[in-house]
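[1] make a model of this:
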Amino acid sequence: MLIIRRLLANLADIAVFFIMLVGCMGVLMPIVGEMTDSPIFAAIVAFVVAIAAPLALQYPFMRVNQTIGKAFFGLRIVSTNPNRDLTPSIIFQREIFAKVMSVYLMCLPVLAGQEGGHEKATETKVVSTR
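    Below you'll find the predicted structure:
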């Protein structure tokens with residue numbers, strides 16, 4: 001059951017990112033494009049906002065060792081290293097490893113109930129709060 005909740009939490013986090021990306025590219029880029037004659041500038045502004053907005057939205061959750069998806073599905077990220085506190089920057093690194101860098105290849109062991117590469121790299125794991 002934990003594996004299914006983790007998968008759904010990751011899908012929710014990805015959905016938040018893509019909704020923000022589509023919103024920025026579909027709404028913000030045309031608005032900025034009307035204000036300037038440079039479509040390249042409009043695209044750069046929309047891209048930067050599309051990356052920054054999901055991070056800003058996730059940051060309050062990262063401060064309490066979660067993401068939006070993990071909070072919704074009753075999961076929490078904990079450190080496996082007793083000598084290190086878990087910070088939002090570590091959770092951010094974990095999310096980048098899990099969702100962007102690895103393209104889920106490092107996460108395949110999680111589906112088998114083992115520690116994923118993103119968990120090894122950041123010395124974290126996911127536990128249930130329910």
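[2] so where does the residue lying farthest from the centre of the chain fall, helix or strand?
    Within the chain, residue 37 marks the point farthest from the mean C-alpha position, 33.3 Å out by Cα atoms, centre = their mean. Following DSSP states H and E, there is no helix or strand that holds residue 37.
[3] same check on residue 57?
    Taking DSSP H and E as the definition, one finds residue 57 inside helix 39-62.
[4] and residue 126, that's in a strand?
    Yes - the assignment for residue 126 is a strand, going by DSSP: H, G, I helix; E, B strand; the rest coil.
[5] look up the closest residue to it, ignoring the ones flanking it.
    Spatial nearest neighbour of residue 126, excluding adjacent residues (Cβ to Cβ, 6 or more residues apart in numbering): residue 75 at 5.2 Å. Heads up, the C-betas are built off the backbone N, CA and C, glycines and all.
[6] the one you found contacts residue 4, correct?
    No - between residue 75 and residue 4 there is no contact under Cβ atoms under 8 Å: 11.2 Å.
[7] which one of those two is surrounded by more residues?
    Shown here are residue 75 and residue 4; by other Cβ atoms under 10 Å, residue 75 has more neighbours (21 against 9).
[8] contacting residues around the more buried one?
    2, 5, 6, 9, 66, 69, 126, 127, 128, 129 (Cβ atoms under 8 Å, 6 or more residues apart in numbering).
[9] could I get those in JSON lines, plus columns for neighbour count and distance to residue 109?
    Listed next are these as JSON lines, based on neighbours: other Cβ atoms under 10 Å; distance: Cβ to Cβ, whole Å:
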{"residue": "2", "neighbour count": "14", "distance to residue 109": "14"}
{"residue": "5", "neighbour count": "18", "distance to residue 109": "17"}
{"residue": "6", "neighbour count": "20", "distance to residue 109": "12"}
{"residue": "9", "neighbour count": "21", "distance to residue 109": "17"}
{"residue": "66", "neighbour count": "22", "distance to residue 109": "22"}
{"residue": "69", "neighbour count": "22", "distance to residue 109": "19"}
{"residue": "126", "neighbour count": "23", "distance to residue 109": "13"}
{"residue": "127", "neighbour count": "12", "distance to residue 109": "17"}
{"residue": "128", "neighbour count": "13", "distance to residue 109": "19"}
{"residue": "129", "neighbour count": "11", "distance to residue 109": "23"}
